[in-house]
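Sequence plus predicted model, see below.
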Amino acid sequence: MLLYNMTHKPPTSSITYWLNVSIIVVFSGTGIVGAFSSIRKLALDANKFQLFSSDVVD
C-alpha cells in the first residue's frame, strides 16, 4: 500500500489514497499490539518456566 502511494502518487483527495493509508495504519497498529502482547505474555510466564523440567505449563 505504501509503495502504491509512493509510485502512483494518487491525489490525497481520492478514496484510493485514504483507503491505502487506513490499511497501513490499521495493520501497523495491529502488529504493534501483537508484538507488545506477546512480549508481555513471555514476561508474565517467565517465572513459571524451569530449565529441563518435565512439568508442562499451561
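Okay, I see it. Numbering: from 1, shown residues only.

what packs against the lowest-mean-pLDDT helix or strand in the chain?
Of all helical and strand segments in the chain, the minimum by mean pLDDT, DSSP states H and E falls on helix 2-8, at a mean of 78. For helix 2-8, the packing partners by 3 or more Cβ pairs under 8 Å, 6 or more residues apart in numbering; DSSP states H and E come out as helix 15-45. No exception for glycine: its C-beta is placed from N, CA and C like everyone else's.

The helix it packs on: which residues count as buried?
17, 20 (16 or more other Cβ atoms under 10 Å).

Give me the packing partners of it, helices and strands only.
Short answer (3+ Cβ pairs under 8 Å, 6+ apart): helix 15-45 packs on helix 2-8.

Tell me how far the helix it packs on lies from the chain's centre.
21 Å (Cα atoms, centre = their mean, to the nearest Å).

contacts for it?
17, 20-21, 24 (Cβ atoms under 8 Å, 6 or more residues apart in numbering).

try 10 Å this time
With Cβ atoms under 10 Å, 6 or more residues apart in numbering as the contact definition, helix 2-8 has outside contacts at 10, 12, 16-17, 20-21, 23-24, 28.

mind putting those in CSV, distance to D45 included?
Shown next, in CSV, are the contacts of helix 2-8 (distance: Cβ to Cβ, whole Å):
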residue, distance to D45
P10, 45
T12, 45
T16, 44
Y17, 43
N20, 38
V21, 37
I23, 33
I24, 32
S28, 26
